[in-house]
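Undergrad: any chance you could fold what I've pasted below:
(chains A and B, ligands or ions: 2)
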Amino acid sequence: MNITSYLIRGLATGGQFALVAIGYTMVYGILKLINFAHGELFMVSGILMIYIVADLPTLPIGLAICLMAALTVFIGFLIEKFAYSPLRSAPRMSVMISAIGVSYLLQNLVSYITGGLSKQFPDIPVIGESVRFLGIKDKLTVFLSPVIAIVLTVILVQIINHTKFGMAMRAVSKDFETSQLMGIKINRVISITFAIGAFLAATGSVLYFAKNTGINHLSGANPGLKAFIAAVVGGIGSIPGAVVGALIIGVAESLAKAFGLADFSDVISFGLLIIILVVKPTGIFGEKTTEKV
Amino acid sequence: MSDNILEIKTLNVRFGGILAVNDISLDVRRGKIVTLIGANGAGKSTILRSVSGIVKPVHGEILFEGENIMGLTPEQIVKKGITLVPEGRRVFPNLTVLENLKMGAYLRKDDYEKDLSYVYRLFPRLEERSWQSAGTLSGGEQQMLAVGRALMSSPKLIMMDEPSLGLAPLVVRDIFSIIRTINENGITVLLIEQNANMALKTCDYGYVIETGNITMQGEGDKLLNDDRVKEAYLGKSRNG
Ligand SMILES: Nc1ncnc2c1ncn2[C@@H]1O[C@H](COP(=O)(O)OP(=O)(O)OP(=O)(O)O)[C@@H](O)[C@H]1O
Ligand SMILES: [Mg+2]
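TA: Ligands and ions are numbered 1, 2, ... in the order given. Model prediction:
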């Protein structure tokens, strides 16, 4: 493999991480919560895909993906409803512990169902097939991932900046109580935020696992961690930040592989995190918190 | 229906063990300006927040146009025509001025253009700055925005929690003259103020609240000339 193909693979992984990172950053933006269960949700959506394809073999793959995404969104919604929403006025630490709890719950549940064994992700036609592009031969998902991530991000940013719902989201992220005084149902806005995050994670999981074949109950940990780092590097709370952060992390890890440093990929991600936080503590796109009171 | 747009009856609010509002009853006549004055921590904000549905009272009744609204969600209460300009302005700093105003009209299905131009007529400064993010406005401008935002819901009753707090005397005068204008345009006003002097001069009726209880009430002029009010709230005991 030459350096260009490593670069492209880096952008691919980056794009997949980005779809997960957006979920972290959006939930943080609105609840100031690091949703530790998000990486596990990513893994669960991969497992769901495996079981859907195995149990409903006649279902066209496109519909299987839609069903999987719908279930993932539903689980994301349930997590918020039962693990976070009852703690709305609790200290932030309690919500964080609840998030860690949910994360283990999902891991254990999946390990119970799968028996802890690795399951083969189904072949996804089209995106799982090899193509040649720019003289590089790789699975289509590799070329497609960054494009899909960026397109979805652009759509999302448009929604947030230019629709009434997006305006409500931005308002809720600053001030629950005043948002309520405007007549916004904050719980609904929060639910939808989780749903969007879950949908993007589901999309990311198809793109990610279509090239990385086996999944077990721990498969969400690494992508989850990397996506979280990406969100912090980009400036947690910022959606474009999460995407840029994820692309940087993806490319850095892939280049590490190119130079035979694959074993150090975690070190490199954290190293980047530290460097960026030292230079700019709020992350690349992070806003300074200098509001008038 | 009585002449009262809002009637609060034996309202009780507790936070943990602390009694913040103790059996308070008060009436707001339709079309009037009613003010609540009282020391810090007396329970004034808690009363308004109960009316808005943000705080859940222990017991009591809150009647709006004769209908009990206690237990309704803030959203349902806004729909009924009650709006609150919260203490400390609370504009959305990350939204533009125009977006803040639109947030005020969040629940409206009808056209709010007329109200927008009404707000811009009251506060021309807001129109000039409609694209600026609200966090960069001065304190006085933020207060105007908070009032404008509340007006965008096209309320029957506007409640304002210390609108003059921290503003220069000239701006305070502006705010009070706006309050009168809003009222002349047919909106009932329930006003909390630390600036008892201005508030009592502006209002039709006033209540004095001390540690969760109403200790005095009467027409603005009457309270303004009351010795106890003068001493406690108008700072006129010594030079008086
Ligand atoms: N959310 C809350 N939790 C606990 N106690 C509260 C809460 N809100 C208000 N209180 C208490 O209730 C009492 C009344 O508070 P409130 O804010 O209504 O006073 P206020 O008259 O508006 O005072 P100020 O003029 O300083 O704004 C105070 O003792 C306050 O500490
Ligand atoms: Mg107060």
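Undergrad: tell me if the host helix or strand of B:Leu11 is near ligand 2.
TA: Assigned by DSSP states H and E, B:Leu11 belongs to strand B:4-15. No. Strand B:4-15 does not reach ligand 2 (Cβ under 5 Å from the ion); its nearest approach is 12.8 Å. The C-beta positions use only the backbone N, C-alpha and C, and glycine is treated the same way.
Undergrad: list the buried residues of that strand.
TA: Buried residues in strand B:4-15, counted by 16 or more other Cβ atoms under 10 Å in any protein chain shown: B:4-9, B:11-14.
Undergrad: how far is stretch B:193-209 from where the chain is centred?
TA: From the chain centre to the centre of stretch B:193-209 is a distance of 12 Å (Cα atoms, centre = their mean, to the nearest Å).
Undergrad: again with stretch A:170-185
TA: Stretch A:170-185 has its C-alpha centroid displaced from the chain centroid by 25 Å (Cα atoms, centre = their mean).
Undergrad: contact partners of it?
TA: Outside of stretch A:170-185, the residues within contact range by Cβ atoms under 8 Å, 6 or more residues apart in numbering or on different chains are A:29-30, A:160, A:168, A:186, A:189-190, A:237, B:52-54, B:73-75, B:78-79, B:83-84, B:86, B:90, B:92-95, B:99, B:103-104, B:106-107, B:149, B:153.
Undergrad: quick one: which of those sit in strands?
TA: Mapping the contacts of stretch A:170-185 onto strands (DSSP state E) picks out B:83-84.
Undergrad: got a quick PyMOL command for the buried subset of the contacts of stretch A:170-185?
TA: Only the buried entries of the contacts of stretch A:170-185 go into this PyMOL selection, using 16+ other Cβ under 10 Å:
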select buried, (chain A and resi 29+30+160+168+186+189+190+237) or (chain B and resi 52+53+54+74+75+78+83+84+86+90+92+93+94+95+99+103+104+106+149+153)
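Undergrad: let's see which of the contacts of stretch A:170-185 end up in helices.
TA: Judged by DSSP state H, helices contain the following of the contacts of stretch A:170-185: A:29-30, A:160, A:168, A:186, A:189-190, B:52, B:74-75, B:78-79, B:99, B:103-104, B:149.
Undergrad: closest to ligand 2 out of the residues you listed?
TA: Lowest distance from ligand 2 to those (Cβ to the ion) belongs to B:Ser52, with 13.1 Å.
Undergrad: now the closest one. Nearest residue, chain neighbours left out?
TA: In this structure, B:Ser52 finds its nearest non-sequential neighbour in B:Leu84, 4.6 Å apart by Cβ to Cβ, 6 or more residues apart in numbering or on different chains.
Undergrad: pretty sure the one you found contacts B:Val147?
TA: No. Counting by Cβ atoms under 8 Å, B:Val147 is not a contact partner of B:Leu84; they are 11.0 Å apart.
Undergrad: list residues touching both of those two?
TA: Joint contacts of B:Leu84 and B:Val147 (Cβ under 8 Å, 6+ apart) are B:158, B:160.
Undergrad: and the helix or strand of chain B with the lowest mean pLDDT, what's buried?
TA: In chain B, no helix or strand scores lower on mean pLDDT, DSSP states H and E than helix B:227-233, which sits at a mean of 82. Across helix B:227-233, burial judged by 16+ other Cβ under 10 Å covers B:229-230, B:232-233.
Undergrad: now stretch B:65-73
TA: Neighbour-count burial for stretch B:65-73 [16+ other Cβ under 10 Å]: B:65, B:69-70, B:72.
Undergrad: and that stretch, what's its mean pLDDT?
TA: Rounded to a whole number, the mean pLDDT of stretch B:65-73 is 95.
Undergrad: let me see the ranges of the strands in chain A.
TA: A:119-120, A:130-133, A:136-139, A:214-215.
Undergrad: can you redo those strands as TSV with distance to B:Gly212?
TA: Formatted as TSV, the strands of chain A follow (distance: least, Cβ to Cβ, whole Å):
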stretch	distance to B:Gly212
strand A:119-120	63
strand A:130-133	73
strand A:136-139	69
strand A:214-215	60
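Undergrad: need those strands in CSV with mean pLDDT and mean neighbour count, can you?
TA: As requested, the strands of chain A are exported to CSV (pLDDT from 0 to 100; neighbours: other Cβ atoms under 10 Å in any protein chain shown):
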stretch, mean pLDDT, mean neighbour count
strand A:119-120, 91, 16
strand A:130-133, 87, 11
strand A:136-139, 87, 16
strand A:214-215, 92, 18
